[in-house]
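Model the structure of this input:
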Amino acid sequence: MPFMDIDSLVPEVAPKNRRTFLKTALGSAFAAAVLPVSAETIATDTQGIDAGETLLDANGAKLPVYHAKPAGKTHLPTILVVHEVFGVHQHIADVCRRFAKLGYFALAPDLFARAGDPQSYGTIAEIQRNVVAKTPDAQALSDLDVTAGWAAANGGDPNRLGITGFCWGGRIAWLYDAHNPHLKAAVAWYGRIIGDPSPNSPQNPIDIAGKLNGPLLGLYGGKDTGIPVATVEQARAALAKGTAASRASELVVYPDAGHAFFADYRPSYVEADARDGWQGLQAWFKQHGVI
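Reported below is the predicted structural model:
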């Protein structure tokens, strides 16, 4: 799907309280499948930032977006935050607030809004079957375009756009990097690299690794049984043969971490590696002109 001109991406904003298809405010609760949450769960306040939800028109569908930015500021570096399979739950909203504290305009669109509410399912398998499998990659990329357009019209700088994503969102971050020629940089946290193609997911990161528009930092766990280190090495080789942005990309493997090591609300959390990855993310976006 081609990237649309930024001026054509500014959608009409619907009233913020018109959410008839989700039971709770976006980012206000955790998904049922991750309960109970860990005692290490990080909670970021809203002091000095503006945070909330808006509802966008995305090609005739309603797209909820959680957003946070420094209060009263404009012309801000912008980060698209792509959620895990659990949707825009409390952890993803907190990540947006962390970005806002650092001076970014962070936005997390609910890319599963058309398929259903992943927070209502008790297992990951149910979420995969009932929500993830019904969300086409092309639709997700288009919704991210819409979100970027709204951000540009509401305090964001379209010339300083980055993306980060976790798990399912890490894979989408790879794909969006190849999709949007205006993207400055990307950070993908343990996004799957290789998979079987399907009508909804015709390509995987390995297929587009050589076609990136902005340098990508990939953060992976050496003990992640779902993303073997061998596939990370395959991606590394593909990056080395690609565009200038692909060749400038870096993949980091934390030997003692498994999957979801950044998820402070889950038992998979590895504090030292999560902190190192977060510092690396900040340096990456600074190095490549996002902030």
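
mind listing the helices for the stretch 51-200 of the chain?
Assigned helices in the stretch 51-200 of the chain, in chain order: 90-101, 124-130, 137-153, 168-179 (criterion: DSSP state H, counting those that start in this stretch).

And these: which comes nearest residue 187?
Across the helices of the stretch 51-200 of the chain, residue 187 has its closest neighbour in helix 168-179 (7.0 Å, Cβ to Cβ). (Glycine included, C-beta is placed from N, CA and C.)

and that closest one, how far from the chain's centre?
Distance, stretch centre to chain centre, for helix 168-179: 8 Å (Cα atoms, centre = their mean, to the nearest Å).

Helix 90-101 and that one, what's the angle between them?
50 degrees (axes from the mean of the first three to the mean of the last three Cα atoms, to 10 degrees).

quick one: helix 168-179 to helix 137-153, angle?
Going by the same axes, to 10 degrees, helix 168-179 makes 80 degrees with helix 137-153.

out of the helices of the stretch 51-200 of the chain, deepest packed?
Stretch with highest mean neighbour count among the helices of the stretch 51-200 of the chain: helix 168-179 (a mean of 26; mean count of other Cβ atoms under 10 Å).

residue contacts, the residue nearest the centre of the chain?
When the chain is reduced to its mean C-alpha position, the nearest residue by Cα atoms, centre = their mean turns out to be residue 82, at 1.8 Å. When contacts are counted by Cβ atoms under 8 Å, 6 or more residues apart in numbering, residue 82 touches 108, 111, 144, 163-166, 168-170, 172-173, 176.

switch to 10 Å and redo it
88, 92, 108-109, 111, 140, 144, 147, 163-173, 175-176, 186, 188-189, 191 (Cβ atoms under 10 Å, 6 or more residues apart in numbering).

ok so, going back, let's have the helices of the stretch 51-200 of the chain in TSV, adding distance to residue 32 and mean pLDDT.
Listed next are the helices of the stretch 51-200 of the chain as TSV, based on distance: least, Cβ to Cβ, whole Å; pLDDT from 0 to 100:
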stretch	distance to residue 32	mean pLDDT
helix 90-101	12	98
helix 124-130	10	96
helix 137-153	23	98
helix 168-179	17	98
